[in-house]
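One predicted model, sequence on top.
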Amino acid sequence: MKSTESYKSKSAMSGGFKALAGSTLGLFVFFFPVPGEEATKIPLVIMIDGAKSWLGGNVNYLTLGIILLLCATWIAAQFVNNKRIRAYHKKDGVFSGVAFLLAAIFAFLLTFGIGPEWLLNDDVGGLSLYLGGSVLLTVTIAGLFVILLIEFGFLEFVGTLLEPLMRPVFRLPGKSAVDAVASFVAAPAVGIFVTNKLYESGQYTQREAASIATSFSICSLGFFALLASIGGIMDYLPHMILSSFIINFFLAAIMIRIPPLCNKLDIYYEGRMQTYEDMESNDKAHILSRACKAAAERASKTEKRDIYLGVWEAVTFAQKIVAFILSIATLSLLLATYTPVFDYLGLVVQPLIELMQLPNAAAIAPTVLVAIAEIALPVIIIAGEDVAPMAVFFVCTLSTVQIIFFTESANAMLESSIPLSITNLVLIFLIRTAIAIPLVAFVTHLIF
């Protein structure tokens, strides 16, 4: 008996040390400002800048090679009965395949300077290729260090600390805080996956599951770095992350209390109505004690295999996202440069942007509504223009709090068992956007 208790005590101490060391290092990389010769930067930015400087022009060839390899494996997955290759492209349908092939064509033409002038234009193809290389390095390096926050208990620690806020402020059970942080440090699809599993297992009602999925499926830390990199505002990455986190929770408190979310039923997956007893918490331990225990337990279960898997996921995610960015960026920049499509979209919201006294209102107004298609599209549109950092910060932060975008989060919601329709999602996107614009503008003015 004593030996068992001694083993548990040692395991808890070991887990606690791992959680403290891993999470502290992760927080240092993403948030701690380091003074330099030219400017103060966070360690993540220093490493990304160092990688860009070391690779130089070779990053274009690296980007091309990675995209060509991606196309080769996708084509092989369609014809070759190889379990690993097919598993790698399990989620990649025809749309993804077309995007991969298009990215390969664009990357080849741009790398070797072949093609029409309208494509090779520095504001179109040149910018697109630069974004591709920047995205590749940013997502890979950021993805590697996000592992420190995912695998060493930071998610569980913060999620547990947020529990007391969830029921009174958001009308949600405490465990939903973990779903929110799961999206924040991993990906929106991860948070939606967790929410759907808990809904199907009878731990969330229809209203709770729909509210959590549409309010807390925040883009990942790695994607924050991606957006900041595309916009050229990496020095403001910590400000963007913290601003988005706070605004998202403020928006959640509002959205959960108004239609269409408040109209969802408090019925569990199996059809049972929620009771008062279902909403009571049985764990009476001190919140900080429970948070530390949860972090220690999570860290104690982390093995080398989890780290290796995290590295693999970071690299493969970077490979696919680079292809999407290169194809989407090139097409978007062609539309933005040679057609008035985005200008027409901007006419709807430009008066509101001007009312917020933000710089470059005419340039950033067209980006506000296109985020429903892809979260990176707004910043891609303005990346080649002479736009003030303050305006770029507003665009990037706004896109992270709009939540609904059909290249990932919206599709994941529609594929889940959670009762959400396309009409629900579009309406939620528009309402969130209308409320978020003045909130993001206010924070932007505070920072700049």
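Great, that's in hand.

Looks like Ile364 contacts Ala388 (just checking).
No. Taking contacts as Cβ atoms under 8 Å, Ile364 lies outside contact range of Ala388: 9.5 Å. In short, each C-beta sits where N, CA and C put it, glycine included.

Between these two, tell me which one has more neighbours.
Ile364 (27 against 14; other Cβ atoms under 10 Å).

you'd agree the more buried one is in a strand?
No. Secondary structure assignment (DSSP: H, G, I helix; E, B strand; the rest coil) places Ile364 in helix, not in a strand.

That one and Cys219: what is the separation?
Distance, Ile364 to Cys219, by Cβ to Cβ, to the nearest Å: 19 Å.

and if you look at Leu334?
Noted for Leu334: a distance of 25 Å to Cys219, by Cβ to Cβ.

neighbour count winner among the two?
Remark: of Leu334 and Cys219, Cys219 carries more neighbours, 25 against 16, as counted by other Cβ under 10 Å.

I'd assumed Ala371 was in contact with the more buried one.
No. Under the criterion of Cβ under 8 Å, Cys219 is not in contact with Ala371, lying 10.6 Å apart.

Identify, by residue count, the longest helix of the chain.
Longest helix in the chain by number of residues (criterion: DSSP state H): helix 304-338.

my read: Pro389 touches Tyr236, true?
Yes. If you go by Cβ under 8 Å, Pro389 and Tyr236 touch, sitting 7.1 Å apart.

as a whole number, average confidence for the helix or strand containing Met166?
For Met166, the element it lies in under DSSP states H and E is helix 163-170. Regarding helix 163-170, the rounded mean pLDDT is 81.

Just the buried positions in stretch 74-84, please.
Going by neighbour count (16 or more other Cβ atoms under 10 Å), the buried part of stretch 74-84 is 74, 77.

Now find how far off-centre it is within its chain.
Averaging C-alpha positions (Cα atoms, centre = their mean, to the nearest Å) puts stretch 74-84 29 Å from its chain's average.

And for it, what's in contact with it?
The contact list for stretch 74-84 (Cβ atoms under 8 Å, 6 or more residues apart in numbering) reads 85-86, 88-89, 92, 96-97, 100.

who wins for most neighbours among those residues?
Highest count within the contacts of stretch 74-84 by other Cβ under 10 Å belongs to Phe100, 26 neighbours.

Does that one belong to a helix, a strand or coil?
helix.

May I ask which helix or strand encompasses the residue lying closest to Ser300 once chain neighbours are set aside?
Residue nearest to Ser300 in three dimensions, not counting chain neighbours: Gly15, with 3.0 Å by Cβ to Cβ, 6 or more residues apart in numbering. Assigned by DSSP H and E, Gly15 falls within helix 2-31.

going on from that helix, what's the next piece of helix or strand?
helix 43-55.

residues in contact with that next one?
By Cβ under 8 Å, 6+ apart, helix 43-55 touches 28-30, 32, 34, 36, 41, 59, 62, 133-134, 137-138, 141-142, 145, 225, 229, 234-235, 237.

Tell me how far it lies from the chain's centre.
How far helix 43-55 lies from its chain's middle: 21 Å, per Cα atoms, centre = their mean.

same question, stretch 42-62
Centre-to-centre, stretch 42-62 and its host chain are 22 Å apart (Cα atoms, centre = their mean).

same thing with stretch 23-39?
21 Å.

same check, this time on stretch 191-210
With Cα atoms, centre = their mean, you get 20 Å for stretch 191-210.

what's the helix or strand just after the longest helix of the chain packed up against?
Note on helix 304-338: by DSSP H and E, the next helix or strand toward the C-terminus is helix 341-355. In terms of contacts (3 or more Cβ pairs under 8 Å, 6 or more residues apart in numbering; DSSP states H and E), helix 341-355 is packed against helix 304-338, helix 361-364, helix 422-447.

Alpha carbons of stretch 119-126, as PDB, please.
Listed next in PDB are the C-alpha coordinates belonging to stretch 119-126 (Å, rounded to 0.1, in the frame of the first residue of the first chain):
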ATOM      1  CA  LEU A 119       0.900  36.500 -63.100                       C
ATOM      2  CA  LEU A 120       4.600  37.500 -62.500                       C
ATOM      3  CA  ASN A 121       3.600  40.900 -61.300                       C
ATOM      4  CA  ASP A 122       5.300  41.600 -57.900                       C
ATOM      5  CA  ASP A 123       2.000  42.500 -56.400                       C
ATOM      6  CA  VAL A 124       0.400  39.200 -57.500                       C
ATOM      7  CA  GLY A 125       2.700  36.300 -58.200                       C
ATOM      8  CA  GLY A 126       5.800  37.700 -56.500                       C
END
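
Buried residues, it. List them.
Within stretch 119-126, the residues scored as buried using 16+ other Cβ under 10 Å are 119, 121, 124-126.

Secondary structure for these - can I get that in CSV?
Formatted as CSV, the buried residues of stretch 119-126 follow (three-state DSSP):
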residue, secondary structure
Leu119, helix
Asn121, coil
Val124, helix
Gly125, helix
Gly126, helix
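
how about those residues in TSV, adding distance to Phe250?
Below are the buried residues of stretch 119-126 laid out as TSV (distance: Cβ to Cβ, whole Å):
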residue	distance to Phe250
Leu119	43
Asn121	41
Val124	38
Gly125	40
Gly126	39
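
what's the closest of those to Ile267?
Nearest to Ile267 among the buried residues of stretch 119-126: Val124, at 51.1 Å, using Cβ to Cβ.

Contact partners for the closest one?
118, 330, 333-334, 337, 384.

Give me the buried entries from those residues.
Buried residues within those, counting neighbours by 16+ other Cβ under 10 Å: 330, 333-334, 337, 384.
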